[in-house]
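Participant: Sequence below, structure please.
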Amino acid sequence: PFFPAPPMTAPAFLDHFSALAPAYDAVMCDVWGVVHNGVAAFPEACDALAQFRAAGGTVMRITNAPRPGQVVTRLLDRLAVPRAAYDDIVSSGDVTRAEIAARPQRRLFHIGPERDLPIFTGLDVQFVSLEAADYAVCTGLRDDESETPEHYRELLSAMRERRLFMLCANPDLVVERGDKRVYCAGAIADLYAELGGEVLYAGKPHPPIYARALDRIAALRGSRPPLSRLLAIGDSVRTDVKGANGFGIDCLFVSGGIHAEELGGRQRPDPAAILQVFAAAEAAPKAVMQRLRW
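Facilitator: Residues are numbered from 1 along each chain as shown. Next up, the predicted model:
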């Protein structure tokens, strides 16, 4: 289901997740920026989610990673995110795979790095040139360490001339890798949309990934919890807060993630700046924490 955004209300500013947790049966928790930064896990955040689970809650990781959920699980293992901190993972890669499987056209043009190829494993697809493709799948920049979306403008213009549909496997615009920001597939997809191209976004803030996560939560718990007992946790206003608002569930916003610098810094965020960002986005969370901790 898709619900209109609720009226804007000022969120609560919290120091501890334990003050909010009892109101919810399950959380849909973002991964990058909340539980790790691409280099190392955040122990306090992992502990908070583990304690929520120990009290009977269900934790569903919901991520815009353009890879199948089991691949993301292996990444979390490498970053020392404990399995006790979550029940399962739903990724935009999972949604992308479902979209590809549902399409009879098999010839696709891939935009993205080779490390994203597992998203296609087991699917009946044929990789072809732009000129021969039925549609395009964008999983990211081919070299996100040095490229920007502008490097793809000429390619996207050629795609637009052919009126190719684009499936975006990761709607994120940017992500932090350690202390560096890199562009994601969403930045390319947005540029293509600006050029007049047709885009389907597989992940947050769009409803399909939330619906898939809710189905998985219902299967794990044996029944579907009401939307009022679901909480999204994330660090992006564009994807996490707007996505939760659009799906009709509460959101806990972590200010020390991707928006940290514009919100006054990681250690001492400015509440006025935070409220200004929410007002500009016309989206607000239930509560705000500087970082997730119990």
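Participant: Show me what residue 27 bridges to in the sheet.
Facilitator: Judged by DSSP bridges, the bridge partners of residue 27 are residue 59, residue 231.
Participant: Distance-wise, check it relative to residue 34.
Facilitator: 10 Å (CB to CB, to the nearest Å). Where you see a C-beta, it was placed from the backbone N, CA and C, and this is true even at glycine.
Participant: could you point out the longest helix in this protein?
Facilitator: In the chain, with assignment by DSSP state H, the single longest helix is helix 207-221.
Participant: What helices and strands are in contact with that helix?
Facilitator: Secondary-structure packing of helix 207-221 (3 or more CB pairs under 8 Å, 6 or more residues apart in numbering; DSSP states H and E): strand 26-29, strand 58-63, strand 88-91, helix 92-101, helix 242-247.
Participant: Any stretches of the stretch 51-200 of the chain with poor pLDDT?
Facilitator: The model of the stretch 51-200 of the chain has pLDDT under 70 over residues 176.
Participant: Distance of the residue nearest the centre of the chain relative to residue 115?
Facilitator: Centroid-nearest residue in the chain: residue 64, 3.4 Å away (criterion: CA atoms, centre = their mean). Separation of residue 64 from residue 115 (CB to CB) stands at 15 Å.
Participant: how about the strands in the protein?
Facilitator: Counting by DSSP state E, the chain has strands at residues 12-14, 26-29, 58-63, 88-91, 107-111, 126-127, 135-138, 165-168, 174-177, 180-183, 199-201, 230-234, 250-254, 287-289.
Participant: Near the closest residue to the residue nearest to the centre of the chain other than its chain neighbours, how many residues? Count them for me, please.
Facilitator: Leaving aside its chain neighbours, residue 64 sits nearest to residue 203 (3.9 Å; criterion: CB to CB, 6 or more residues apart in numbering). When neighbours are defined as other CB atoms under 10 Å, residue 203 has 30 of them.
Participant: that older thread, now distance to residue 39 too, for the strands of the chain, in TSV please.
Facilitator: Listed next are these as TSV, based on distance: least, CB to CB, whole Å:
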stretch	distance to residue 39
strand 12-14	26
strand 26-29	19
strand 58-63	16
strand 88-91	19
strand 107-111	25
strand 126-127	31
strand 135-138	25
strand 165-168	25
strand 174-177	7
strand 180-183	10
strand 199-201	27
strand 230-234	19
strand 250-254	17
strand 287-289	21
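Participant: Save the ones you listed as a markdown table, and put in mean neighbour count and distance to residue 52 too.
Facilitator: Output for the strands of the chain, formatted as a markdown table (neighbours: other CB atoms under 10 Å; distance: least, CB to CB, whole Å):
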| stretch | mean neighbour count | distance to residue 52 |
| --- | --- | --- |
| strand 12-14 | 14 | 14 |
| strand 26-29 | 28 | 7 |
| strand 58-63 | 26 | 6 |
| strand 88-91 | 24 | 14 |
| strand 107-111 | 20 | 37 |
| strand 126-127 | 12 | 42 |
| strand 135-138 | 24 | 34 |
| strand 165-168 | 24 | 31 |
| strand 174-177 | 17 | 24 |
| strand 180-183 | 16 | 29 |
| strand 199-201 | 20 | 29 |
| strand 230-234 | 28 | 10 |
| strand 250-254 | 26 | 11 |
| strand 287-289 | 22 | 13 |
